[in-house]
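let's see this in three dimensions:
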Amino acid sequence: MEKPIIYQVFTRLFGNRNTTRKYNGTLLDNGCGKFADFDEKTLNRIHDLGITHIWYTGVIRHATDTDYTRFGIPKQNPRIVKGKAGSPYAITDYYDVDPDLATDVPNRMAEWEALIERTHNAGMKVIMDFVPNHVARQYQSICKPDDVHNLGEDDDTAMHFSSANNFYYCWGQAFDMSDLPKGDAQPDLFTTEYEEIPARATGNDCFSNRPGRNDWYETVKLNYGVDYCDAGGRSEHFSPIPKTWGMMTDILLFWAKKGVDAFRCDMAEMVPAAFWFWATDKVKYRYPDIKFIGEVYNPGLYRNYIGAGFDWLYDKVGMYDCVRDITCGHRRAGDITRQWQATDDIRDHMLYFLENHDEQRIASDFFAGDGFKGIPGLIVSCLLQKNPFMLYAGQEFGERGMEQEGFSGKDGRTTIFDYWSVESIRCGYFDRRKMQKSEKELSALYRKIMKIARREKAVSKGATFDLMYVNQSIADKQYVFLRKAEDELLLVAVNFDGAEANISVAIPRHAFEYMGIPEREVTATDLLTKEQLKTVLIADTSVRMTIPAYSGRIYKIKC
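Numbers count the residues shown, from 1 in each chain. Sure, this is the predicted structure:
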């Protein structure tokens with residue numbers, strides 16, 4: 001089995017070639033990427049990076065300030081929309097796709113289906129978001145099957161909690177917006193007041209009728225049979241099966257039938273594991289190869305959610321936080337050992353990454369300030385284990401994320417709320433003549449490393465041996481490990497330091513015995529540079545090497 005390498009694209013931004021970039025601009029001002037931008041040439045270029053899966057972020061129709069009423073799509077109140085384009089996690093119709101992404105709005109679903117087919121034809125699998133925990137406050141499906149009711153349509157709004165309800169209600173209290181930002185809503189175009197009586201609980205488990213500006217106030221929490229506010233603090237009511245379970249499982253089956261290969265499940269840990277066990281079982285019964293990726297941040301819950309049917313989980317508070325801290329000089333490189341050991345029993349289920357839409361860009365002023373400083377972490381994240389790795393579009397060009405686009409401030413992240421064009425992606429895919437030299441060099445390095453991860457059987461199939469316990473003298477800034485499959489051995493060493501490192505890597509007898517390494521003279525070839533190193537592999541001796549600053553060596557040896 002090949003190593004999964006996921007390419008996350010924020011679909012709205014990826015193909016947008018409009019260079020206006022007006023602060024807080026509208027769709028008309030700043031433009032928007034389309035499904036059609038992922039043509040055969042672009043998909044082949046993505047695949048050539050070593051990518052096996054594309055995660056198309058923000059496909060399902062969500063709340064937006066843009067008016068599509070002429071197409072029969074309900075308009076959203078701007079007081080409960082974040083940004084002009086809106087959050088892709090404030091879903092307004094689980095059975096529809098974002099009209100922003102369509103060239104021909106009435107034909108938007110067919111355009112998405114065609115993109116699924118093009119992606120498959122390019123040799124990659126399709127991941128899409130499933131947002132199970134919350135919906136937009138003005139959720140209204142216009143594309144649902146005729147026999148499906150809208151969420152909340154049959155709720156008893158006089159009850160704070162009932163497992164027969166889709167939402168949670170604040171008894172007799174109106175939704176209070178007094179603590180929310182007023183934005184730039186124009187009362188002559190659309191009322192700035194939004195009425196919700198009774199108020200429903202907000203998506204981030206805010207059960208008050210008065211959420212604050214830092215709450216997910218644009219969303220409503222879905223009810224999976226957990227009473228968060230009973231006398232005991234929380235109780236589960238899973239028999240009979242809560243109504244929401246069946247409705248959400250039907251949505252998963254709807255998209256699976258269209259050829260989606262995997263679901264990235266937003267804030268999966270905010271939905272009970274019992275639901276996931278029930279739903280994934282039903283989906284995988286019909287579609288055995290489908291994958292579920294969970295956004296789970298509590299390591300104490302990892303095994304529960306894997307047992308509930310998740311194939312891969314974000315390794316955020318473990319490996320990501322560790323590698324980030326090392327890159328920024330806040331931890332020792334040797335701490336990587338402790339992170340993989342903490343999840344060693346579930347290692348193939350952990351998804352490694354250095355960027356995604358929630359995290360700051362490596363090259364931003366808030367992280368490393370330079371995309372090349374992320375190379376040692378990239379090598380470790382790609383090559384340490386057989387588990388999947390995820391790359392966020394623009395990362396390979398050193399995208400800085402230092403623009404203030406509108407609702408999204410200058411925070412080192414690429415906006416998910418605004419209409420915008422990302423210059424590094426625009427040039428990297430659609431106007432390569434304008435790429436900077438550093439962008440070309442960095443993207444070539446990314447391509448090389450990810451192709452090694454995908455093609456080398458020592459990475460996709462082989463065993464791992466961490467060498468740090470006998471190399472503590474270099475543990476501040478360097479990290480070293482072995483990978484081996486059959487007669488192919490990789491000796492991987494990375495340097496998180498800004499200066500060249502001349503090191504001796506000790507290889508203990510246990511490594512030779514565990515991995516079946518013959519003791520003899522060898523010629524090792526660095527897969528990054530093609531440079532050769534002649535050395536002797538003998539138990540309990542060392543291999544000397546030089547590693548450039550913020551780089552690594554990936555020595556391949558035939559055993």
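
show me where the stretch 201-350 of the chain has helices.
Listed in chain order, the helices of the stretch 201-350 of the chain (DSSP state H, counting those that start in this stretch) span residues 243-257, 273-286, 302-307, 321-327, 335-342.

for the stretch 1-150 of the chain, that is, sorry about that
Counting by DSSP H, counting those that start in this stretch, the stretch 1-150 of the chain forms helices over residues 11-14, 27-30, 40-48, 108-121, given from the N-terminal end onward.

same thing with the stretch 351-500 of the chain?
Chain-ordered helices for the stretch 351-500 of the chain, with DSSP H, counting those that start in this stretch as the definition, fall at 375-383, 423-430, 437-455, 457-460.

which of these sits most buried?
For the helices of the stretch 351-500 of the chain, the stretch with the most neighbours on average is helix 375-383, a mean of 26; neighbours defined as mean count of other C-beta atoms under 10 Å. Where you see a C-beta, it was placed from the backbone N, CA and C, and this is true even at glycine.

what comes into contact with it?
The contact list for helix 375-383 (C-beta atoms under 8 Å, 6 or more residues apart in numbering) reads 5, 319, 323-324, 326-327, 333, 336, 352-354, 389, 445-446, 449-450, 452-453, 459, 479, 483, 490, 492, 494-496, 550-552, 554.

go again using 6 Å as the cut-off
Counting by C-beta atoms under 6 Å, 6 or more residues apart in numbering, the neighbours of helix 375-383 from elsewhere in the structure are 323, 327, 352, 354, 389, 449, 453, 459, 492, 494, 496, 550-552.

now stretch 495-515
For stretch 495-515, using C-beta under 6 Å, 6+ apart, the contacting residues are 326, 333, 376, 465, 470-471, 474, 477-478, 480, 484, 539-540, 542-544, 546-549, 551.

name only those of these that count as buried.
Among the contacts of stretch 495-515, those buried by neighbour count (16 or more other C-beta atoms under 10 Å) are 326, 333, 376, 465, 470-471, 474, 477-478, 480, 484, 543, 547, 549, 551.

and the two most separated of those residues?
With distance counted by C-beta to C-beta, no two of these lie farther apart than 484 and 549, which are 27.9 Å apart.

hmm, who's touching stretch 315-335?
Contacts to stretch 315-335, defined as C-beta under 6 Å, 6+ apart, come from residues 297, 339, 342, 350, 352, 368, 373, 377, 468, 475-479, 496.

buried members of these into ChimeraX, please.
Per 16+ other C-beta under 10 Å, the buried members of the contacts of stretch 315-335 correspond to this ChimeraX selection:
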select :297,339,342,350,352,368,373,377,468,475,477,478,479,496
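
most widely separated two among the contacts of stretch 315-335?
When the contacts of stretch 315-335 are compared pair by pair using C-beta to C-beta, the farthest-apart members prove to be 297 and 478, with a separation of 29.0 Å.

and the host helix or strand of residue 534, C-alpha only, in CSV?
Assigning secondary structure by DSSP states H and E places residue 534 in strand 532-537. Written as CSV, here are the backbone C-alpha positions of strand 532-537 (Å, rounded to 0.1, in the frame of the first residue of the first chain):
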residue,chain,number,x,y,z
GLN,A,532,27.4,9.6,-2.3
LEU,A,533,28.9,8.7,1.1
LYS,A,534,31.2,5.7,1.5
THR,A,535,31.0,4.4,5.0
VAL,A,536,31.2,1.2,7.0
LEU,A,537,28.1,-0.1,8.8
